[in-house]
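# one predicted model, sequence on top.
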Amino acid sequence: MDWEALADQSEQIAKRKQRFRLMAIALAVVLVGGGVGGYLAFAGGKKKDDHPVANSTVSGKPSGSPAPSGDPAATPAPVITTANGALADSGGAYPATIGPHAYVSEEKDRSGHGLELQGQDGSFAQTSGPVVDSSHSFTVSALVRNDAPVGSRAAVSQGTSTGLSFELGREGYNNQNKWAFKVNTAPGDGMSQEALSQQDASTGRWTLLTGVYDDSTQKISLYVDGVLASSTPVTGVLNIAEPLSIGKAVYKGQPVDFWSGAIARIQIWHQALPADKVSQLSSAKGTLSDSPATASWIMD
């Protein structure tokens, strides 16, 4: 027997077995590694919406969550006009139809809108019915810009045919030029009383006028920019259950005292506001959180 050839053959077989073992190990590593890599690739390639996020956000705020305090969405802007073009009352009960020569515009000399009025017939806004029972205490307020140098002008009044309950505006009778809160105490001529400002009425600048009737003290008061201008005793105020007008008054059934300029932040309360509350109307855009108005228009 050729022992040398046999030994050589055994060595060859051993080497082949070693190669097979190494190949098997390598193949196992490849298979295992490929499986893990494939799984990772599959997992990493999932779409985000395979597992929806519970608290998704829109514009930085969780969807469906309430708007945080201070967010403009938490306090929507006041509605100025209704769908049919009338002035919108904040409470919804007293929309005021706008006349053909009046219009709402964003003001250039202050932040917010105003009812622009031309000082002529057809230039006003009017509710369909009364807003105030003037036989009881009430308060009326309006932010006004007077553009007319002379003449009586009515910012807010109530009464359209049989007479007036009240008128807030400017007194121009006998060449006067004063801010005024006027009321009728009984039917007929010569039955009016008024509270007048000490200073002349301004032209071309915004002024807050507030008239108060307190039936407990039988007194009317006029405030100018939140400051008491004067008070006048009265025997009562005649109640005229007719529409409220913005921008005109009435005399013997005829429209008069058309406002020339602009009017905004018109408010009515069915109570006599005390002096400290009236002074607050000059700030915070004229609103009172603890004494909301019964009706209000153009409150931006």
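Right, received. Where do you want to start? Numbers count the residues shown, from 1 in each chain.
# what does stretch 183-197 rub up against?
With contacts defined as CB atoms under 8 Å, 6 or more residues apart in numbering, stretch 183-197 is touched by 134, 162-167, 171, 176, 178-182, 211, 213, 220-222, 224, 229-238, 240. In short, each C-beta sits where N, CA and C put it, glycine included.
# quick one: which of those residues sit in helices?
Among the contacts of stretch 183-197, no residue falls in helices (DSSP state H).
# what subset of those is buried?
Neighbour counting over those (16 or more other CB atoms under 10 Å) leaves 134, 163-167, 171, 178-182, 211, 213, 220-222, 224, 229-231, 234, 237-238, 240 as the buried ones.
# is it true that Phe138 touches Tyr213?
Yes - look at Phe138 against Tyr213 with CB atoms under 8 Å: they come within range, at 5.5 Å.
# mutual contacts of the two, please.
In contact with both Phe138 and Tyr213: Ala272, using CB under 8 Å, 6+ apart.
# doesn't Val278 belong to a helix?
Yes - under DSSP: H, G, I helix; E, B strand; the rest coil, Val278 falls within a helix.
# what's the per-residue pLDDT of it here?
Predicted confidence (pLDDT) at Val278: the value is 96.
# Ala125 and Lys248 touch, don't they?
No - between Ala125 and Lys248 there is no contact under CB under 8 Å: 9.2 Å.
# what about those two, which has more around it?
Lys248 (29 against 24; other CB atoms under 10 Å).
# now do the strands in the stretch 201-300 of the chain.
Ranges of strands in the stretch 201-300 of the chain, per DSSP state E, counting those that start in this stretch, are 206-214, 219-224, 227-233, 244-246, 249-251, 254-256, 260-269, 295-297.
# mind giving me the packing neighbours of the fifth one?
Going back to what we said before, that points to strand 249-251. With contacts taken as 3 or more CB pairs under 8 Å, 6 or more residues apart in numbering; DSSP states H and E, strand 249-251 sits against strand 153-158, strand 254-256.
# and it, which strands flank it?
Paired neighbours of strand 249-251 in the sheet (DSSP bridges): strand 254-256 (antiparallel).
# so for the strand it pairs with, mean pLDDT?
94.
# name the residues that touch that strand?
121, 124, 152, 154, 248-250.
# out of the residues you listed, who has the most neighbours?
Of those, with other CB under 10 Å as the count, Lys248 tops at 29 neighbours.
# gap between that residue and Asp109?
23 Å (CB to CB, to the nearest Å).
# ok, Glu194 next?
Counting by CB to CB, the separation of Glu194 from Asp109 is 28 Å.
# who's more crowded, these two?
The neighbour comparison of Glu194 against Asp109 (other CB under 10 Å) goes to Glu194, with 19 against 10.
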